[in-house]
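A.B. asks: Please work out how this folds:
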Amino acid sequence: MNSTQELVYDVVIMGAGFAGNCQARHLLLKIPNIKIAIIDPRSPERTTKDLKVGESTVEIAATFLTKELGLYEYLIENQAPKHGLSFHWPKDPNQTNSTDDYYNIWTNGLPPTESFQLNRAKMEQDLLQMNRNMGATFYNGRVVDLDLTPKNELHTIEVKLEDGKINLKAKHVVDAAGRRFLIGKKTDNIILDPEELYGINTGSSWLHVKGIDRSIIDNGYHPDTSIASHYYTTNHWFGHGHWIWMIPIGKSGKELSIGVVYHQNVIPTKDINTSEKFKAFLKANHTLLYDLIESGECIDFNNLPRLAHKSRKMISEDNWYVLGDAAHMFDPFYSPGLSLTALDIESVTECVRAKLTQEADAEEKQAFYNRFLVTNANSYNYIYQGHENHLGNACAMSWRTYLEDMLWFGVLLPMYIGKWFLDFEFIGQYESIANFLFFKKNSLFADFYNILDQVVERKLNIGLMDFTRNDQLFMKYGPLQFFDDYLKQTKFEPLRCNVYAGIKGTFFFFIIACVKLRYSAFGILGVLSPRNIFLIIQLLALYVYTAIGEQIYMFKMRNVPANTAIEIMREEFKNYQHQPQLRSWKEGIKA
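C.D. replies: Next up, the predicted model:
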């Protein structure tokens, strides 16, 4: 190919992994006739080398894939189902031969939205082919140089192909090439120092195994405890300074991803960075997982000594964007990567659409959406700090997951479903909420984590908080509770979901959680402490403020239907008249 040849695209996406392919499909679905190029050095036919950490989806990522990308049929036909989360702590670290040797929080029912365990190699291969069928151009090559120009000037991407080099011109360029950090290095945009990541200094070792004996972990029969599968949940196994995932990545029921996230001040990388060392670690600390691996055949082994990083900027006024692993990674606990990527992608698409159609507020959208994405990523970064102190303590970690799930189901999920993260006014409100919850001095979650630190240090038993149940706080509340019926009523259009109900309800039950946590740890004096009373007053004030905001929202939406398509059908139905007749079908048919 001629090395001087130049082609101009609306968007060039560097990287054909999960993030890049999902971004391409979203753009193709949302912007008619858009011209897209995708670049990746890997073959379109993916292999086991393309299996990676992060195979599990949670509610936001799964909804993005099914609703925004229209992949529901593909997922149920090609990927394994996921039935929620299960957590396990050893009763005695010296005996871990079966699940009976653990304190277990099993998922007890089907999740509120369908989600999936992904075989990423297959998923990425299939998505790339879908995108090519929809009109995207794929270049099987490596980006060797990148000229990022200011404002609306065309960017230049130099690509090395098998038979030469080619220069691509792009109005917009997306870095979805993972840890190559193509834009991050070019613009000094990437943050790697643990001191700037709330002290997170984690690594991961993982492997994939096939042909396992599933009965070691699960016999598939649980008539008294669950209507969901224990095997098809994302199972989390905890210990001092580490946690382990176990995820099925195929429908055969005999192929697993098993990996550990370790904190390097507890477990140095050199002690766990080979297959032999990893399996020895499992044999000593989680024997049933070692037995599970030994019952099958290992496909591969991987070690990533540095997990955490983030970006200073996600969306630039110069029309470049970073998403997926190229933008941020903190810890695969809660499977945040794919959910953060979903928010990144929808924000990028809206910015690209606004710029291509020359909307008056296009640059304002870039600025606002960048503010949201950076704030949101920093919030995720925050909730992983100090994990090494809590992971192995069933009291502290179960409380921690309970509190964090309150925020997920009460605020983050409705915010996503209602597309509130694309609303300028709400972005400002969200920044204030995040500041109170996380970033300001003596924030709410800083107080929570400080209490849990003391629980660990003093070896207190404050109970096991099961986030799947609704019998542990006042009024039969549980973190899986919804404060608006947005899923049942399909309030999927922008701003139809009442996010204020979720925020208000979450703040109220944070008050109850504050009281119970401090009482469980420190008794009545802890509840009456000035610090706790001050937090409760702040939460009450925010509850009242949000309740007023909800009333204003409800007034504005008083004549807006929950779902426009349903409302149109109901209007049309007013003219319905039953016609008890059949049209003849006998003409032209021989007797």
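A.B. asks: So residue 208 lies in a helix, does it not?
C.D. replies: No - looking at residue 208 with DSSP: H, G, I helix; E, B strand; the rest coil, it is strand, so not inside a helix.
A.B. asks: Tell me how many other residues crowd it.
C.D. replies: 26 (other Cβ atoms under 10 Å). No exception for glycine: its C-beta is placed from N, CA and C like everyone else's.
A.B. asks: same check, this time on the one 10 residues further on
C.D. replies: A count of nearby residues for residue 218, using other Cβ under 10 Å, gives 16.
A.B. asks: Likewise for residue 304?
C.D. replies: If we define neighbours as other Cβ under 10 Å, then residue 304 has 18 of them.
A.B. asks: Go ahead and confirm it touches residue 203.
C.D. replies: Yes - taking contacts as Cβ atoms under 8 Å, residue 304 lies within contact range of residue 203: 6.1 Å.
A.B. asks: could you pull out the helices for the stretch 301-450 of the chain?
C.D. replies: 336-356, 362-383, 387-390, 394-407, 413-417, 424-434, 444-458 (DSSP state H, counting those that start in this stretch).
A.B. asks: among those, which is nearest residue 506?
C.D. replies: helix 394-407 (5.7 Å; Cβ to Cβ).
A.B. asks: Just list what that closest one packs against, helices and strands only.
C.D. replies: strand 85-90, helix 387-390, helix 444-458, helix 499-522 (3 or more Cβ pairs under 8 Å, 6 or more residues apart in numbering; DSSP states H and E).
A.B. asks: still on that earlier bit, please produce a markdown table containing the helices of the stretch 301-450 of the chain, extended by mean pLDDT.
C.D. replies: As requested, the helices of the stretch 301-450 of the chain are exported to a markdown table (pLDDT from 0 to 100):
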| stretch | mean pLDDT |
| --- | --- |
| helix 336-356 | 97 |
| helix 362-383 | 97 |
| helix 387-390 | 96 |
| helix 394-407 | 98 |
| helix 413-417 | 97 |
| helix 424-434 | 96 |
| helix 444-458 | 98 |
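A.B. asks: Counting by contacts, list what the helix or strand where residue 25 lies packs against.
C.D. replies: Assigned by DSSP states H and E, residue 25 belongs to helix 18-30. Helix 18-30 is packed against strand 6-14, strand 36-40, helix 120-133, helix 336-356, with contacts defined by 3+ Cβ pairs under 8 Å, 6+ apart.
A.B. asks: Quick check: longest helix in the chain by residues?
C.D. replies: If you go by DSSP state H, the chain has its longest helix at helix 530-556.
A.B. asks: Tell me the pLDDT of residue 49.
C.D. replies: The model reports residue 49 with a pLDDT of 66.
A.B. asks: what's the helix or strand for residue 160?
C.D. replies: Applying DSSP H and E, one finds residue 160 within strand 155-161.
A.B. asks: Give me the distance from that strand to the chain's centre.
C.D. replies: 31 Å (Cα atoms, centre = their mean, to the nearest Å).
A.B. asks: What residues of it count as buried?
C.D. replies: Using 16 or more other Cβ atoms under 10 Å as the test for burial, strand 155-161 gives 155-160.
A.B. asks: do the same with stretch 30-44
C.D. replies: Buried, per 16+ other Cβ under 10 Å, within stretch 30-44: 31, 34-42.
A.B. asks: average pLDDT for that stretch?
C.D. replies: Rounded mean pLDDT across stretch 30-44 is 96.
A.B. asks: Output that stretch in PDB, but only the C-alpha positions, please.
C.D. replies: The C-alpha coordinates for stretch 30-44 follow below in PDB (Å, rounded to 0.1, in the frame of the first residue of the first chain):
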ATOM      1  CA  LYS A  30     -26.700   6.600  16.700                       C
ATOM      2  CA  ILE A  31     -25.100   8.700  13.800                       C
ATOM      3  CA  PRO A  32     -26.300   7.800  10.300                       C
ATOM      4  CA  ASN A  33     -23.700   7.600   7.600                       C
ATOM      5  CA  ILE A  34     -20.800   8.200  10.000                       C
ATOM      6  CA  LYS A  35     -17.400   7.200   8.500                       C
ATOM      7  CA  ILE A  36     -15.400   5.100  11.000                       C
ATOM      8  CA  ALA A  37     -12.000   3.400  10.900                       C
ATOM      9  CA  ILE A  38     -10.800   0.800  13.500                       C
ATOM     10  CA  ILE A  39      -7.200   0.000  14.000                       C
ATOM     11  CA  ASP A  40      -5.700  -3.000  15.800                       C
ATOM     12  CA  PRO A  41      -2.600  -5.100  15.400                       C
ATOM     13  CA  ARG A  42      -4.300  -8.300  16.400                       C
ATOM     14  CA  SER A  43      -5.900 -10.700  13.900                       C
ATOM     15  CA  PRO A  44      -9.700 -10.400  13.600                       C
END
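A.B. asks: Tell me which residues are up against it.
C.D. replies: The contact list for stretch 30-44, computed with Cβ atoms under 8 Å, 6 or more residues apart in numbering, reads 7-17, 20-21, 24, 27-28, 50, 125, 128-129, 131, 135-143, 157, 159, 168, 170, 177, 349, 352-353, 356.
A.B. asks: so where's this structure uncertain?
C.D. replies: 1-6, 47-54, 253, 591 (pLDDT under 70).
A.B. asks: now do 90
C.D. replies: Counting by pLDDT under 90, the chain shows low-confidence ranges at 1-6, 43-56, 107-114, 119-121, 218-229, 249-254, 474-475, 585-591.
A.B. asks: Note down every partner strand of the longest strand along it and its orientation.
C.D. replies: The longest strand of the chain (DSSP state E) is strand 164-175. Strand 164-175 pairs in its sheet with strand 6-14 (parallel), strand 155-161 (antiparallel), strand 320-322 (parallel), by DSSP bridges.
A.B. asks: And that strand, how far out from the chain middle?
C.D. replies: 29 Å.
A.B. asks: Please spell out which residues along it are buried.
C.D. replies: So strand 164-175, judged by 16+ other Cβ under 10 Å, has buried residues 165-166, 168-175.
A.B. asks: Any chance of a markdown table for the residues you listed, columns distance to residue 333?
C.D. replies: Below are the buried residues of strand 164-175 laid out as a markdown table (distance: Cβ to Cβ, whole Å):
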| residue | distance to residue 333 |
| --- | --- |
| 165 | 42 |
| 166 | 41 |
| 168 | 38 |
| 169 | 41 |
| 170 | 35 |
| 171 | 37 |
| 172 | 33 |
| 173 | 31 |
| 174 | 27 |
| 175 | 25 |
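A.B. asks: re earlier: any chance of the helices of the stretch 301-450 of the chain in JSON lines, plus distance to residue 526 and mean neighbour count?
C.D. replies: Rendered in JSON lines, the data for those read as follows (distance: least, Cβ to Cβ, whole Å; neighbours: other Cβ atoms under 10 Å):
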{"stretch": "helix 336-356", "distance to residue 526": "31", "mean neighbour count": "23"}
{"stretch": "helix 362-383", "distance to residue 526": "23", "mean neighbour count": "20"}
{"stretch": "helix 387-390", "distance to residue 526": "18", "mean neighbour count": "21"}
{"stretch": "helix 394-407", "distance to residue 526": "14", "mean neighbour count": "22"}
{"stretch": "helix 413-417", "distance to residue 526": "31", "mean neighbour count": "23"}
{"stretch": "helix 424-434", "distance to residue 526": "25", "mean neighbour count": "17"}
{"stretch": "helix 444-458", "distance to residue 526": "8", "mean neighbour count": "17"}
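A.B. asks: For residue 469, which of these is the nearest?
C.D. replies: So among the helices of the stretch 301-450 of the chain, helix 394-407 is nearest, using Cβ to Cβ, at 9.9 Å.
A.B. asks: can you give me the angle that closest one makes with helix 424-434?
C.D. replies: Our comparison of helix 394-407 with helix 424-434, counting by axes from the mean of the first three to the mean of the last three Cα atoms, to 10 degrees, yields an angle of 160 degrees.
A.B. asks: Put the alpha carbons of the longest strand of the chain into CSV.
C.D. replies: Only the C-alpha atoms of strand 164-175 are listed here, as CSV (Å, rounded to 0.1, in the frame of the first residue of the first chain):
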residue,chain,number,x,y,z
GLY,A,164,3.6,-0.7,4.3
LYS,A,165,2.4,2.4,6.1
ILE,A,166,-0.7,4.5,5.7
ASN,A,167,-1.8,7.9,7.2
LEU,A,168,-5.3,8.2,8.4
LYS,A,169,-6.9,11.7,8.9
ALA,A,170,-9.6,12.0,11.6
LYS,A,171,-12.0,14.6,12.8
HIS,A,172,-12.1,12.7,16.1
VAL,A,173,-9.7,10.1,17.5
VAL,A,174,-10.5,7.6,20.2
ASP,A,175,-7.9,5.8,22.2
